[in-house]
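*Asks:* here is the input, now give the coordinates:
(2 chains)
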Amino acid sequence: MATTPEVLPPSTSVGIVGWLRANLFSTALNAAFTVVTGVLSVLMLVAIFRWVVFSADWSPVTESLKLFLVGQYPTEELWRVGAVVVGAAALMGVSWAVWGGVLRTFARIMAAGSLIVALSPLEPAGFDLAVRAWYLGGAASIVLGFALARAAALDPKWVMRAWVLGFFLGMALIWGFEETSLGESLRGFFGAGAALTVVLGVAGWVGRFPAGVVLRWLAWGWGALFLVTIVMFWGLGQTDIAPRVGTSRWGGLLLTFVLALVGIAASFPIGVLLALGRRSRLPVLKGFSITFIELVRGVPLVTLLFMTVIIVPLFLPRGTSFDLVLRALFAITLFSSAYMAENIRGGLAAVPLGQIEGAKALGLGGFQTMLFIVLPQALRAVIPAIVGQFISLFKDTTLVVIVGLLDVLGIGKALFLGNVRWFGAQAEVYLFIAAVFWVFTFAMAYASRKLEDTLGVGTR
Amino acid sequence: MRHMKLRYPLLLILVAILMAALAACGDDDGDAAASGGRLDTVKDRGNLIIAGRTDLAGFGFLDSSGKNVGFDIDLGRAVAAAIFGDPNAIEVRPISASERGPTIQSGEVDVLTRNVTWTSTRDSQWGNYTTIMFYDGQGFMVRADSGFESALDLDGVTACVTSGTTTELNLADFFRQNGLALETVVFEDTASVYGAYESGRCDVTTSDKSQLAAIRSGFASPGDHKILPETISKEPLTPVVPHGDDQWFDLVKTVMWVLINAEEMGVTQANVDSMVTSDNIAIRRMLGAEGEFGQADLGLDADFAVDVIKAVGNYGEIYDRYMGPNGISFELPRQSNELWLNGGLIYAPPLK
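*Replies:* Numbers count the residues shown, from 1 in each chain, chains lettered A, B, ... in the order given. Here you go, the predicted model:
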């Protein structure tokens, strides 16, 4: 049997050399560009490396890690933050088992990262065995959560609920309890219940949801409220275990996360409602939505923050003071939900009319059409825009510095402006903060890309 | 089904109104605190809200554990110690310069000790200024080898300064009045101003003297720079309380007077306990061991001064803690901030 010798392509057109020729040295001009930018990048990288490793003084960061993480949160109460993080890690492990995908990547990176931190030979100030144990616990609970969920074959619906419940429990634990009288508890219960009823009622009315659905939500809401009231009232005797830590003592990454998470969680549903309201046929609703959106989008976030933090108290009775963090959250949520509404409206407009007509032909009601046909397609179409909005909200939280909250940036500024030892260390501090923000925004962008792949955005 | 759809929002609104009514019914003790004075509000709340800073060396900053410290913060701690016997019963609300007015006007904070200059306009608009606790003033810093000995030598120099501040205006006024030529290099933030000065872009930089001292201590070689003797503006830094509560105004003033009188009488953090039995009747009166000086009218315990001095020390001790020879932040000779007995301006009415 005669064999035809296979003729390999010339070595200059395949492999590394081929790639280089095709992409970097295809023409003389290209080659010149490659050489010049290459030399410049190497010089720059060497300079940056030398500065980072040899000349920069990282002591403001290494000696203040606790401040960057949780701000002025009392050291003796830090176990509560630790417990919440470990709980979230366990849920992360469970989610890895249930959903896989991008969550698997994140869970693995988090587990490996915590393990490395726990066993790291570096010893920044205050990084003792107890702290290492917390990191080890975090890594272990990811693995444990994964193993248990894999064994139990959990329903994803319950994992979702566990995240929501866990969020509220975690916030309650971090906030802590203070002595509450029965009257105060009842007042809070009925007040929150009234607010809940109004919000759900209006939402149900605007969205034209069937009464049964709204009533079921109300039942869940009232049930949750009842539970919260019981827990808070029970907290009467628990002030020794978890005394109240006012939000004025929250800071650093903890505050940044609370602002971003609550901002995102609150602005998304409000944004959906506003988007639906803007497309509503009811003139009052439509007018309100348009006014709100255009008014809020017309001013910078800084202005809103100044309004809620400085101007509003001037109109309140003298001496009253309500939570600064809550006020900042209010401004951030208002701001973000207006932009969210416009993003979602774009998605709603992208859903072909035929889909709605088809749904009607199949006998679906207005509510069902909206919930099962229109919204899923609308939201899928605007995932990149929504995630972009989340990312910018996350970065915008640093603006709370100007109203005196000590988030990551606020702590950094306090260090290099207020502490004589670290005067002039703004380069190190800013670089560290930039790195922290990059890690989280990159993770969000990555997750969004993977989500788009999974849902087939743009290909299906 | 059709009428069900129409009715349920109405039903929900009814439920909501009912709930709101129930919630309002429980509101029986809410107004009690509001009707009393600020002292009652503060006692009810259990802590003192201070508008201060977290980013000003010497006056208000964070120590390595994140605790609020500094000269201004300690003045607030003294008030908390007088009321609660606990200097840690404070909440520090960090605010920016532009927030100072509205914050104290709205009465959201109990006392503002945030490096604030007492001026007549602010006094009439913002709140009540208590007692001047620090005499600051704008000065000049030059390189030690520059040969300048006085601000009047500074003809034709280049000065680095932050834009749009009274500092910039004072600088221009001073040079014009004295017929000196001046070139200014203007920056947006203070960090760039001092960076530019240190790297040699200007011959002179100007700010409040306490700040110049702070900045100099952060330079690589502080000894290469000196602060000229002239002071070209008056900056009396004074704790402020909201308008409209005389008892509270008097209380904060008296606590400040206690700090100054304690230094005058030699009562310190270390010896306050033994001083209770001193031979000096003025000391015994201040410490509540004999007679009284108005504690009851202020709503304070007879021996509140003991708590105050034990918590933060006397005026001199507070000063030295941050700006004394071995101070945490930097060294700034007391000069105007010496007691009147030693030729300074710090003076408080007698406690009797």
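*Asks:* going by C-alpha atoms from here, please, whenever you check contacts or count neighbours.
*Replies:* Will do.
*Asks:* tell me which element residue 197 falls in.
*Replies:* With no chain named, the answer covers chain A. Assigned by DSSP states H and E, residue A:197 belongs to helix A:182-206.
*Asks:* correction: the question concerned chain B.
*Replies:* Using DSSP H and E, residue B:197 falls in helix B:190-198.
*Asks:* just checking, what packs against that helix?
*Replies:* Contact partners of helix B:190-198 among helices and strands, from 3 or more C-alpha pairs under 8 Å, 6 or more residues apart in numbering or on different chains; DSSP states H and E: strand B:157-162, strand B:204-208.
*Asks:* the helix holding residue A:197 packs against which elements?
*Replies:* Contact here means 3+ C-alpha pairs under 8 Å, 6+ apart; on that basis helix A:182-206 packs against helix A:211-234, helix A:252-278, helix B:2-25.
*Asks:* swap in 7 Å and give it another go.
*Replies:* Applying 3 or more C-alpha pairs under 7 Å, 6 or more residues apart in numbering or on different chains; DSSP states H and E, we find helix A:182-206 packed against helix A:211-234, helix B:2-25.
*Asks:* do the first one and chain B come into contact?
*Replies:* I take that to be helix A:211-234. Yes. Judged by C-alpha under 7 Å from any C-alpha of the partner chain, helix A:211-234 and chain B are in contact via residue A:211.
*Asks:* now that helix: average pLDDT?
*Replies:* Mean pLDDT, computed over helix A:211-234, is 80.
*Asks:* that one: which residues count as buried?
*Replies:* For helix A:211-234, the neighbour count (16 or more other C-alpha atoms under 10 Å in any protein chain shown) marks A:211, A:214-215, A:217-218, A:221-222, A:225-226, A:228-229, A:232-233 as buried.
*Asks:* which of these lies closest to residue B:19?
*Replies:* When the buried residues of helix A:211-234 are compared for distance to residue B:19 (C-alpha to C-alpha), residue A:222 comes out closest, at 11.9 Å.
*Asks:* what's that closest one in contact with, if anything?
*Replies:* Applying C-alpha atoms under 7 Å, 6 or more residues apart in numbering or on different chains to residue A:222 gives the contacts residue A:193.
*Asks:* contacting residues around stretch A:55-73?
*Replies:* Residues contacting stretch A:55-73 (C-alpha under 7 Å, 6+ apart): A:124-125, A:249-254, A:406, A:408, A:411, A:415, A:422, A:428-429, B:64, B:66-67.
*Asks:* narrow the residues you listed to those in helices?
*Replies:* Members of the contacts of stretch A:55-73 lying in helices (criterion: DSSP state H): A:252-254, A:408, A:411, A:415, A:428-429.
*Asks:* of the residues you listed, which pair is most distant in space?
*Replies:* Using C-alpha to C-alpha, the pair of the ones in helices among the contacts of stretch A:55-73 lying farthest apart is A:254 and A:428, separated by 20.9 Å.
*Asks:* where does the stretch 51-200 of chain A have low pLDDT?
*Replies:* A:125, A:180 (pLDDT under 70).
*Asks:* just give me the neighbour total for the one residue in the stretch 151-300 of chain B that gets nearest to chain A.
*Replies:* For the stretch 151-300 of chain B, the residue closest to chain A is residue B:218, as judged by C-alpha to the nearest C-alpha, at 5.5 Å. For residue B:218, the count of nearby residues is 19 (other C-alpha atoms under 10 Å in any protein chain shown).
*Asks:* my guess is it meets residue A:418, correct?
*Replies:* No. Under the criterion of C-alpha atoms under 7 Å, residue B:218 is not in contact with residue A:418, lying 10.7 Å apart.
*Asks:* what separation is there between the nearest residue to residue B:306 once chain neighbours are set aside and residue B:85?
*Replies:* Using C-alpha to C-alpha, 6 or more residues apart in numbering or on different chains and skipping the chain neighbours, the partner closest in space to residue B:306 is residue B:287 (5.6 Å). According to C-alpha to C-alpha, to the nearest Å, residue B:287 stands 14 Å off from residue B:85.
*Asks:* what's the neighbour count on the residue in the stretch 251-352 of chain B that chain A sits nearest to?
*Replies:* Closest residue of the stretch 251-352 of chain B to chain A, C-alpha to the nearest C-alpha: residue B:329 (5.8 Å). Residues near residue B:329, counting by other C-alpha under 10 Å, number 26.
*Asks:* domain assignment for chain A?
*Replies:* Structural domains assigned to chain A are A:56-68+A:249-460, A:74-175, A:177-241, following automatic domain parsing.
*Asks:* dump these into a markdown table; add distance to residue B:135 as well.
*Replies:* Converted to a markdown table, the domains of chain A look like this (distance: least, C-alpha to C-alpha, whole Å):
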| stretch | distance to residue B:135 |
| --- | --- |
| domain A:56-68+A:249-460 | 20 |
| domain A:74-175 | 35 |
| domain A:177-241 | 42 |
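*Asks:* what stretches of chain B score poorly on pLDDT?
*Replies:* Along chain B, segments meeting pLDDT under 70 span B:1-13, B:22-35.
*Asks:* so it: which segments form each domain?
*Replies:* Per the record, chain B has its domains at B:38-135+B:236-342, B:138-233, by automatic domain parsing.
*Asks:* which of these is buried the deepest?
*Replies:* Mean neighbour count (mean count of other C-alpha atoms under 10 Å in any protein chain shown) peaks for domain B:38-135+B:236-342 among the domains of chain B, with a mean of 20.
*Asks:* from the chain's centroid, how far away is that one?
*Replies:* Relative to its chain's centre, domain B:38-135+B:236-342 lies at 8 Å (C-alpha atoms, centre = their mean, to the nearest Å).
*Asks:* and residue A:30, what does it touch?
*Replies:* By C-alpha under 7 Å, 6+ apart, the contact set of residue A:30 is residue A:24.
*Asks:* what secondary structure does it sit in?
*Replies:* Secondary structure for residue A:30, judged by DSSP: H, G, I helix; E, B strand; the rest coil, is helix.
*Asks:* contacting residues around the spatially most central residue of chain B?
*Replies:* The centroid of chain B falls nearest to residue B:113 when counting by C-alpha atoms, centre = their mean (2.6 Å). Taking C-alpha under 7 Å, 6+ apart, we find residue B:113 in contact with B:50-52, B:72-73, B:76, B:238-240.
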